[in-house]
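**Q** Structure, please.
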Amino acid sequence: MTDSSGSHLLSLKVMRLSRPTFVLKNPTPFEAAPSLPGEAALLAASANQVTELAVPPNARTEDLLNLGLSDANPNPPLRIREFGLSDVLSLPGSFGNIYLGETFSSYLCVNNESGAAVQEVGIKAELQTSSQRFTLADTLATLSTPTFSNLPAGNVTPPRSPAPTPARVSLLPTQSAEFLVHHEIKELGIHILVCSVHYTTPDRERKFFRKFYKFQVLNPLAVKTKVNTLQDGRVFLEAQVQNMAGAPMYLERMRFESNELFEYQDLNSVVNSAGESTGGVKDVIVGGMAGNGGERKGSGLGAALVGGQRAADVGLSVFGSASYLNPQDTRQYLYMLRPKTPHDPLARTTSTMGKLDILWRTHLGQTGRLQTSQLSRKVPPIDPFEITVLSLPKTVKAEVPFTLPCRIRNNLTSAIRLTISGVKSKMSSVLLRGPSDHTLGNIEPLEHLDFELEFFPLLTGLHKITGLKISESLSGTSRDVDSLADVYVVLGDEIY
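**A** The predicted model follows:
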């Protein structure tokens, strides 16, 4: 088999298939002046967008471009020509920019430019990335020797059959074989389209040649996250999406798929006067919420929770009808996650929150779809035990004892034995009443214990309850409670 060096009987043409664009032109503005010669001709040419006034405008083209004047509507709205666009579409002259998530489509044409018939013409198209190699088309495995008398003149398209490897074809002079290849782009960086053409000459010599087409895949979106974790296990996840492409994009869908340990609530929809969200949870067209602070990371690129969400709900975004994201513009989406099982240790210690599934459209409806990698967070430290107040009175009276129901939870996988005590030197104007030490006893793993503490307020005003210390006798560790709760102390005769 002869290598790719030297001249060949066949040629290969490769063209990327993408949506066309409107041809730009410079409109010529003018003002109506009936006294000027040829004014009627200028008005007619402007209205009909034609070069020859004797040719009537096409009705479909006139309707598409909002062209034409009529007696009923002498002042039509803005026409497409007002924006520097014509009714002529232009195919791309080069590969152009290809973005991650788009579908790469290419047209391959093998043409016989010689004066002799060529047999057993086959092609193999592969797309090579930095880590993988994909076969887009391959007709080299099956050989066939059809007779040239059965082949019509002109273009020849290989027969489409359910067989995974179609047969090779034979080409008469000026005939061509055409192929369409498609591939969804899932990697960034340099991609190389490798096309190999094999054929047999009239002298029964087998020859081949290979061509390479290199292009760069860019990132259309930049996604950053900001995570805030609350003590009760709830997580607020803010996803910041920025348009890195060179053209505006229409965000058709923004879907968040949470980790199976969580259920989530979408906070990107409008809340009505009754306090109910008008939006759905699973699909949000556009929306967001601004915020500052918190943990921020970059990715590899609903009134109800998901479990009870109605599929028919349609979200009204906080951005209204502003569905377009211009280049370098940023939009922020906010989600609230909570563990499906309260106090689930796996949910509280996992670093993965979920992923975003984004669907967008660019000019003339060309689609792109991008699914991010798992959005992660820095796992917050988990205290071995935590104490909370179950109920807090609105106000308490000065120099009148009051009781707070409390709950302490064991977050460990082993039993603990706790004692709570008061440190008078660290207490504020609210003192612990009764014994300074309270033995709580053993608490089983991942269980809780309810108890009550009695306090005595000295002064009026808003005060923190401090000065408590929790000791674990089995390990010998202890922890100070900086602030158990805030209480508002009033005089005995004050009414609130």
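**Q** Can you give the distance from stretch 114-122 to the centre of its chain?
**A** Distance of stretch 114-122 from its chain centroid, counting by C-alpha atoms, centre = their mean, to the nearest Å, is 48 Å.
**Q** Now do stretch 478-486: distance from first to last residue.
**A** With C-alpha to C-alpha, to the nearest Å applied, stretch 478-486 spans 23 Å between its terminal residues.
**Q** Could you number the chain from 25 rather than 1 from now on?
**A** Noted, 25 is the first residue going forward, which turns the last one into stretch 502-510.
**Q** And the contacts of it?
**A** With contacts defined as C-beta atoms under 8 Å, 6 or more residues apart in numbering, stretch 502-510 is touched by 407, 409, 411, 413, 416, 428, 430, 447, 450, 486-490, 492-496. For the C-beta atoms, the positions are set from N, CA and C on the backbone; glycine is no exception.
**Q** ok, now with 6 Å
**A** 413, 416, 488-490, 492-495 (C-beta atoms under 6 Å, 6 or more residues apart in numbering).
**Q** Same question for stretch 110-130.
**A** 40-42, 44-45, 47, 49, 85, 89, 205-209, 212, 239, 241-244, 269, 392-394.
**Q** What subset of those is buried?
**A** 40, 42, 89, 205, 207, 209, 212, 239, 241-242, 244, 269, 392, 394 (16 or more other C-beta atoms under 10 Å).
**Q** Of the residues you listed, which pair is most distant in space?
**A** Leu89 and Leu212 (38.8 Å; C-beta to C-beta).
**Q** Please flag which of the contacts of stretch 110-130 sit within strands.
**A** Among the contacts of stretch 110-130, the members found in strands (DSSP state E) are 40, 45, 47, 205-208, 239, 241-242, 392-394.
**Q** Stretch 414-433: which residues count as buried?
**A** Counting neighbours by 16+ other C-beta under 10 Å, stretch 414-433 gives 420-422, 426, 428, 430, 432-433 as buried.
**Q** Can you spell out which helices and strands pack onto the helix or strand where Val145 lies?
**A** Per DSSP states H and E, Val145 falls inside strand 142-152. On a contact count with 3 or more C-beta pairs under 6 Å, 6 or more residues apart in numbering; DSSP states H and E, strand 142-152 meets strand 157-162, strand 193-195, strand 213-224.
**Q** Now with 7 Å, please.
**A** With contacts taken as 3 or more C-beta pairs under 7 Å, 6 or more residues apart in numbering; DSSP states H and E, strand 142-152 sits against strand 127-136, strand 157-162, strand 193-195, strand 200-208, strand 213-224.
**Q** So which residues of the stretch 25-174 of the chain form helices?
**A** Under the criterion DSSP state H, counting those that start in this stretch, helices of the stretch 25-174 of the chain are mapped to 63-72, 83-88.
**Q** lowest-confidence stretch among those helices?
**A** Ranked by mean pLDDT, these bottom out at helix 83-88, with a mean of 46.
**Q** do you know how far Leu285 is from Lys364?
**A** Separation of Leu285 from Lys364 (C-beta to C-beta, to the nearest Å): 6 Å.
**Q** An error on my part: the question was meant for Arg230.
**A** For Arg230, the distance to Lys364 equals 64 Å [C-beta to C-beta].
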